[in-house]
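# The amino acid sequence is not available; the structure is as follows:
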């Protein structure tokens, strides 16, 4: 079992004979607006292993979790799929019938965006006891099959670079409540597939930096420039970094109406702009917090 593709420790599939011989590519193209069969299977396995299987645990201590998981399906039936409560199919042991077959049909046959709608919903609405494990299993599947998406803080976002992922995750996992909330909101606005708001995502990312600067300088009413000057005096920031942050704020003051009204003829920010600011501001905050520590 140690050498299987679903290796719990390594998480990395071994190269097949065909790959080693150069008959098929070692790595397939990043899947952005499509999902191949292997990725569908991997996503279903993540749902099955970390969510559905947990609802069949016979331990009496797990009874509440079983109920919560079955409630999760009903919630998806009503809120995501827009059906009525009285038509929800029952949960059955057989996964090809009843409630779980609804999820399975979406994952195996649905449009790529509908699959991610479901996965995103499950990640956000899952019981706390299994939330982290589902995110881990899902990210393993997405990474292994070269999906362009990852689950960060229980929501899907299109970030494919491991360094970018680490910067965002690190920033969200530490710092003040205010900073984490700004980054969570920036991530939500960026990753909303139905109505993304890149302008306000950038604003939230920059606000996270501002909140960190004020917290470190112990000056809640200071401007960003004043806070940075105080931080620099204590030797916690290099002058070049200070100027970089100031320029970030200058950019958001006149580019695409991010911090002010959108000027006539101005080009609104794009996904690339918003993602760059989220990653850059995350890295800045991690740097500032590390220096202060």
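Perfect, thanks for sending it. In this text, all values refer to a predicted model and were calculated from it rather than measured experimentally.

# and the gap between residue 142 and residue 157?
11 Å (CB to CB, to the nearest Å). No exception for glycine: its C-beta is placed from N, CA and C like everyone else's.

# what do the two both touch?
Here residue 142 and residue 157 have 149, 150, 151 as joint contacts, going by CB atoms under 8 Å, 6 or more residues apart in numbering.

# Out of these, flag the one nearest to residue 130.
When the shared contacts of residue 142 and residue 157 are compared for distance to residue 130 (CB to CB), residue 151 wins out at 13.5 Å.

# Give the burial count for that closest one, as a bare number.
A count of neighbours around residue 151, defined by other CB atoms under 10 Å, yields 24.

# Would you confirm that it contacts residue 140?
No: between residue 151 and residue 140 there is no contact under CB atoms under 8 Å: 10.4 Å.

# Any chance of TSV for the shared contacts of residue 142 and residue 157, columns secondary structure and pLDDT?
Converted to TSV, the shared contacts of residue 142 and residue 157 look like this (DSSP: H, G, I helix; E, B strand; the rest coil; pLDDT from 0 to 100):
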residue	secondary structure	pLDDT
149	coil	90
150	strand	90
151	strand	91
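
# now, among those, which is nearest to residue 47?
residue 151 (12.2 Å).

# Make sure residue 90 is actually in contact with residue 100.
No: counting by CB under 8 Å, residue 100 is not a contact partner of residue 90; they are 10.3 Å apart.

# Residue 198 and residue 149: what is the separation?
17 Å.

# dump the residue contacts of residue 120.
Contacts of residue 120 by CB under 8 Å, 6+ apart are 151, 155, 156.

# can you do 10 Å?
Applying CB atoms under 10 Å, 6 or more residues apart in numbering to residue 120 gives the contacts 80, 138, 149, 151, 154, 155, 156, 157, 191, 192, 193.

# Restricted to strands, list these.
Among those, DSSP state E puts 151, 156, 157 in strands.

# shared neighbours of residue 151 and residue 140, anything?
Listed as contacting both residue 151 and residue 140 by CB under 10 Å, 6+ apart are residue 46.

# what's the neighbour count on the nearest residue to residue 280 once chain neighbours are set aside?
Spatial nearest neighbour of residue 280, excluding adjacent residues (CB to CB, 6 or more residues apart in numbering): residue 248 at 7.0 Å. Neighbours of residue 248 under the rule other CB under 10 Å: 19.

# element containing residue 248, please.
helix 239-254 (DSSP states H and E).

# for that helix, which positions count as buried?
For helix 239-254, the neighbour count (16 or more other CB atoms under 10 Å) marks 241, 242, 245, 248, 249, 251, 252 as buried.

# Roughly how far does the last one sit from residue 37?
Looking back up the chat, that one is residue 252. 43 Å.

# count of neighbours near the closest residue to residue 198 other than its chain neighbours?
Closest residue to residue 198 apart from its sequence neighbours, by CB to CB, 6+ apart: residue 274 at 3.9 Å. Counted with other CB under 10 Å, residues neighbouring residue 274 total 26.

# what's near enough to touch residue 274?
186-187, 189-191, 196-205, 258.

# Next step: these restricted to helices.
186-187, 189-191, 198-205 (DSSP state H).

# Which one (most neighbours) among those?
Ranking the ones in helices among the contacts of residue 274 using other CB under 10 Å puts residue 205 first, with 33 neighbours.

# so who does that one touch?
Here residue 205 is in contact with 168, 171, 182-183, 185-187, 189-190, 248, 252, 258, 274-282, 284-285 (criterion: CB under 10 Å, 6+ apart).

# same thing with residue 78?
By CB under 10 Å, 6+ apart, the contact list for residue 78 reads 84, 85, 87, 88.

# Could you check how far it is from residue 238?
From residue 78 across to residue 238, the span is 53 Å (CB to CB).

# What of residue 34?
Separation of residue 34 from residue 238 (CB to CB): 44 Å.

# can you check residue 228 too?
For residue 228, the distance to residue 238 - CB to CB - is 11 Å.

# Which of the residues in the top helix by length along the chain are classified as buried?
In the chain, assigned by DSSP H, the helix with the most residues is helix 271-292. Neighbour counts over helix 271-292 (16+ other CB under 10 Å) mark 273-275, 277-289 as buried.

# And the residues you listed, which two are furthest apart?
273 and 289 (24.5 Å).

# Run the chain-centre distance for the host helix or strand of residue 132.
Here residue 132 sits within helix 128-144, counting by DSSP H and E. Distance of helix 128-144 from the chain centroid (CA atoms, centre = their mean, to the nearest Å) equals 11 Å.

# Packing partners of that helix?
Under the contact definition 3 or more CB pairs under 10 Å, 6 or more residues apart in numbering; DSSP states H and E, helix 128-144 sits against helix 37-47, helix 63-75, helix 112-125, strand 150-151, helix 162-173.
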